[in-house]
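A.B. asks: Structure for this input, please:
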Amino acid sequence: MRKRAAVLCGAAVVVAGTFTAVPADAGTPQSAPSASAARLTWKKCGTADYPTLQCASLKVPLDHANPRGRQITLALSRIPHTAKKYQGPLLVNPGGPGGSGLTFAGFIATGLPKAVAAQYDVIGFDPRGVGASKPALNCGPGYFNPVRPDSVPSTPAIEKANLERAKSFAAACGRKYASVLPYINTISAAQDMDSIRRALGAGRINYFGYSYGTYLGAVYAKLFPHQVRRLVLDSIVDPTGVWYDDNLSQDYAFNDRHRALMAWIAKYDATYKLGTDPEQIETKWYAMRAALAKKPAGGKVGASELEDTFVPGGYYNGYWPYLAEAFAAYVNGKNAEPLVETYENFGAVDASGDNGYSIYTSVQCRDASWPRDWRQWQKDNWAVYEKAPFMTWSNAWYNAPCAFWPTGSLKPVNIANGKLPPALLFQATNDAATPYEGGVTVHRLLDGSSLVVEEGGGNHGITLSGNTCLDKYLAAYLTDGRVPRGGGEADAVCKALPDPKPLTAKAASTSSRGAALHRLLGARS
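C.D. replies: Here you go, the predicted model:
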């Protein structure tokens, strides 16, 4: 399933359009005129990490086809530009769907070179239904509270318990938000982005999205191609698999990353004492899972919670040392405390997570059709599980409310686009959440785009995380629109950063840019 990027050939560059003062109504299509055309009132809302952060709110139509109907509120944030050269607003999105973008604006602004960030108003936003936007959805508070049924439906009773949970969550969303759910989808979120553009008084926007944010950005670009100035997509959703097939593809990729963790643990047997054979270590991990299914650690970490704890390791290898320590303590020392602590740090879901999951399901279930016959889910997921057992059924139940969702489905957007300035794409070859093929596909569908590949990288979200090779391409593009041009599948190739080493000081690992990014991207972005 994994491909490898071609070696970069040549060093030609092209330049995306420079910023010009285009009238706000230039180009087509446009959002319908409404309160969204009003100017924004910015107020200070700085934090210790981002003291210059400002916040505002914007009313937009719930239904953009009925601009004078019910209005909802979007929460916005801004790090203002400080340089004389102004390149316009840079809208940023961390993914999800369901990720909050308010502090994400601060992360991006502080991660870019100061001279580059100073030329943009970096604009964060909570998409409709998320966080500080109103209404904020929370279909099932405490839905992920421990201990949940085992994710693997090895008996009819376990399967029934998981099915009832999924059905009840979908039904709760329908009861609480019947009038809202039809409008929680990617197309509506993209239309909101154009309302933000108009409220900012900008003729065109720059956009930088990670994970699901790459699909959101591509959909915006399809709907409003003449309003796009620059477009950066990092860790790219395959738009041809939205969303059922994409989730099945994830299962294989996450299994590969889990095995990469097992191999890493084997490399450091002197530290973890779990053995030097990755397959035997993996056997110990599944034995731990079976034991926790019978007796959850600390009354909190059963089999499903163990998966919740280790799935983040598939997104970011900076978590591997913590996961390995907890694994080793449980297996070698019969000490469950580190495992419980690691679950609380990486796997547990709080109220903001409940909100994020409510939006995740609302968007994905509405965006595209899902099988409504559970027998299709059984057939597909058991077939995948035979080859990739680590996350298959956990992922299936995570998405299972879509089999029972109370709204109909839309059609996925064909994001193929020949009307854009050059877009800059970033993709790691071993990314599990958005496998490599998605980056190659979007590179092909966006005419004139440039693909920068992190060879051997397995993290999800790769720019502004310490890889200076990747970041130099990002900085050049945001400075003057330059993109690399190569002769192969990729236009440029960067080596991945080395895997982490076992912990020596926890503070050193948890304070990195990579860790900060992955906290913002969320567990299943």
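A.B. asks: Please state the offset of the helix or strand containing I196 from the chain centre?
C.D. replies: Applying DSSP states H and E as the criterion places I196 in helix 186-200. Relative to the chain's own centre, helix 186-200 is displaced by 19 Å; criterion: Cα atoms, centre = their mean, to the nearest Å.
A.B. asks: packing partners for that helix?
C.D. replies: Using 3 or more Cβ pairs under 8 Å, 6 or more residues apart in numbering; DSSP states H and E as the contact definition, the elements that helix 186-200 packs against are strand 54-61, strand 71-79, strand 89-93, strand 121-126, strand 205-211, helix 212-223, helix 351-367. For the C-beta atoms, the positions are set from N, CA and C on the backbone; glycine is no exception.
A.B. asks: tell me the pLDDT at D25?
C.D. replies: At D25, the predicted lDDT confidence score is 31.
A.B. asks: whoops, I mixed them up, R513
C.D. replies: R513 is assigned 86 on the pLDDT scale.
A.B. asks: quick one: contacts for S168?
C.D. replies: Shown in contact with S168 (Cβ atoms under 8 Å, 6 or more residues apart in numbering): G140.
A.B. asks: same question, the one 3 residues further on
C.D. replies: Counting by Cβ under 8 Å, 6+ apart, A171 makes contact with F404, P406.
A.B. asks: So it belongs to a helix, correct?
C.D. replies: Yes: checked against DSSP: H, G, I helix; E, B strand; the rest coil, A171 lies within a helix.
A.B. asks: how about the helices of the stretch 351-500 of the chain, start to end?
C.D. replies: Ranges of helices in the stretch 351-500 of the chain, per DSSP state H, counting those that start in this stretch, are 351-367, 374-387, 392-399, 436-445, 468-480.
A.B. asks: can you check the stretch 201-350 of the chain too?
C.D. replies: For the stretch 201-350 of the chain, the helices identified by DSSP H, counting those that start in this stretch occupy 212-223, 244-267, 269-272, 278-294, 303-310, 312-315, 320-333, 337-342, in order along the chain.
A.B. asks: Run through the neighbouring helices and strands of the third one.
C.D. replies: Meaning helix 269-272. helix 320-333.
A.B. asks: likewise the last one?
C.D. replies: In terms of contacts (3+ Cβ pairs under 8 Å, 6+ apart), helix 337-342 is packed against helix 303-310, helix 320-333.
A.B. asks: Pick the most deeply packed of those.
C.D. replies: Comparing these by mean neighbour count (mean count of other Cβ atoms under 10 Å), helix 303-310 ranks first with a mean of 26.
A.B. asks: contact partners of it?
C.D. replies: The set of residues external to helix 303-310 that reach it, using Cβ under 8 Å, 6+ apart, is 144, 146-152, 258, 261, 288-290, 292-293, 296, 301, 323, 326, 339, 342-343, 346-349, 390-391, 394, 523.
A.B. asks: can you rerun that using 7 Å?
C.D. replies: Under the contact criterion Cβ atoms under 7 Å, 6 or more residues apart in numbering, helix 303-310 has outside partners 146-151, 258, 289, 292-293, 301, 323, 342-343, 346-347, 391, 394.
A.B. asks: low-confidence ranges in this protein?
C.D. replies: Per-residue confidence for the chain (pLDDT under 70) gives these ranges: 1-38, 505-511, 522-525.
A.B. asks: can you list the helices and strands packed on helix 186-200 in a markdown table and add distance to A383 and mean neighbour count?
C.D. replies: Supplementary listing: the helices and strands packed on helix 186-200 in a markdown table, determined by distance: least, Cβ to Cβ, whole Å; neighbours: other Cβ atoms under 10 Å:
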| stretch | distance to A383 | mean neighbour count |
| --- | --- | --- |
| strand 54-61 | 42 | 20 |
| strand 71-79 | 41 | 22 |
| strand 89-93 | 33 | 27 |
| strand 121-126 | 38 | 27 |
| strand 205-211 | 26 | 27 |
| helix 212-223 | 26 | 27 |
| helix 351-367 | 21 | 23 |
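A.B. asks: S154 belongs to a strand, doesn't it?
C.D. replies: No: secondary structure assignment places S154 outside any strand; it is coil (three-state DSSP).
A.B. asks: State the number of residues packed around P389.
C.D. replies: For P389, the count of nearby residues is 16 (other Cβ atoms under 10 Å).
A.B. asks: show me what contacts it?
C.D. replies: Shown here is P389, whose contacts under the criterion Cβ under 7 Å, 6+ apart are N255.
A.B. asks: How much space separates it from N381?
C.D. replies: Here P389 is placed at a distance of 11 Å from N381 (Cβ to Cβ, to the nearest Å).
A.B. asks: rewinding a little: as a markdown table, the helices of the stretch 201-350 of the chain with distance to Y477 would be great.
C.D. replies: As requested, the helices of the stretch 201-350 of the chain are exported to a markdown table (distance: least, Cβ to Cβ, whole Å):
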| stretch | distance to Y477 |
| --- | --- |
| helix 212-223 | 14 |
| helix 244-267 | 26 |
| helix 269-272 | 40 |
| helix 278-294 | 39 |
| helix 303-310 | 35 |
| helix 312-315 | 25 |
| helix 320-333 | 31 |
| helix 337-342 | 37 |
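A.B. asks: wait, which of those is closest to G461?
C.D. replies: Among the helices of the stretch 201-350 of the chain, the nearest to G461 by Cβ to Cβ is helix 312-315 (7.7 Å).
A.B. asks: Tell me which other helices or strands that closest one touches.
C.D. replies: Judged by 3 or more Cβ pairs under 7 Å, 6 or more residues apart in numbering; DSSP states H and E, the packing partners of helix 312-315 are helix 244-267.
A.B. asks: repeat that with 8 Å
C.D. replies: Of the remaining helices and strands, those touching helix 312-315 by 3+ Cβ pairs under 8 Å, 6+ apart are helix 244-267, helix 513-521.
A.B. asks: quick one on the thing from earlier: tell me which of the helices of the stretch 201-350 of the chain sits nearest to T463.
C.D. replies: Using Cβ to Cβ as the measure, helix 212-223 is the one of the helices of the stretch 201-350 of the chain that comes nearest T463, at 11.9 Å.
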